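S.K.: task: produce atomic coordinates for the following.
(one chain, ligands or ions: 2)
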Amino acid sequence: MPFIITDPCIGTKDTACVDVCPVDCIHPRKDEPEFARTTMLYIHPDECIDCGACVPACPVAAIYDSTDSTPPSQKGLIEANAVYRTGDDAAVSKAEQLVQAHVAAHADLMAVPPAERAAAHAK
Ligand code: SF4
Ligand code: SF4
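M.R.: Numbers count the residues shown, from 1 in each chain. Ligands and ions are numbered 1, 2, ... in the order given. All right, here's what the predicted structure looks like:
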């Protein structure tokens, strides 16, 4: 069961999670060309080993430890994490489309500062 990055990453995207992931499954990294065009980061579901290191590293609590624990408001981003692939332009575009759809559908959450957004997920 992979870990999932959700919307507090939008507007934060500081790559703190990338620095602690032992299997380099969080992308794009700052040194990848896709970094400039992505709204948030994504966890590759097949490469994540469920170690949990990224969760305490995230300053805005954007990462959930499974698809089941991902709150209902964030379910659309599960697929965004799943489809993103560095180096695959179509996959990057698809992931970003899913993120933009999430943003459009959750203006309420987007109005909350990123650091407080995770607390608003349960509401
Ligand atoms: S749980 Fe571990 S392997 Fe999975 S994304 Fe986080 S740091 Fe990487
Ligand atoms: S640590 Fe959190 S906010 Fe920073 S890039 Fe990773 S998921 Fe996004």
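S.K.: what segments of this structure are strands?
M.R.: Applying DSSP state E to the chain gives strands spanning 4-5, 26-27, 42-43, 63-64.
S.K.: how about stretch 91-110, does it get close to ligand 2?
M.R.: No: Stretch 91-110 does not reach ligand 2 (C-beta under 6 Å from any ligand atom); its nearest approach is 12.1 Å. Every C-beta, even on glycine, is put in place using the N, C-alpha and C of the backbone.
S.K.: any idea which of the strands of the chain is most buried?
M.R.: Highest mean neighbour count among the strands of the chain (mean count of other C-beta atoms under 10 Å): strand 4-5, with a mean of 26.
S.K.: for that strand, packing partners?
M.R.: Packing partners of strand 4-5 (3 or more C-beta pairs under 8 Å, 6 or more residues apart in numbering; DSSP states H and E): strand 42-43, strand 63-64, helix 76-83.
S.K.: what about the last one, near ligand 1?
M.R.: When you say that, I think you mean helix 76-83. No: with C-beta under 6 Å from any ligand atom as the criterion, ligand 1 is not reached by helix 76-83; the gap is at least 9.6 Å.
S.K.: what helices and strands are in contact with that helix?
M.R.: With contacts taken as 3+ C-beta pairs under 8 Å, 6+ apart, helix 76-83 sits against strand 4-5, strand 42-43, helix 89-105.
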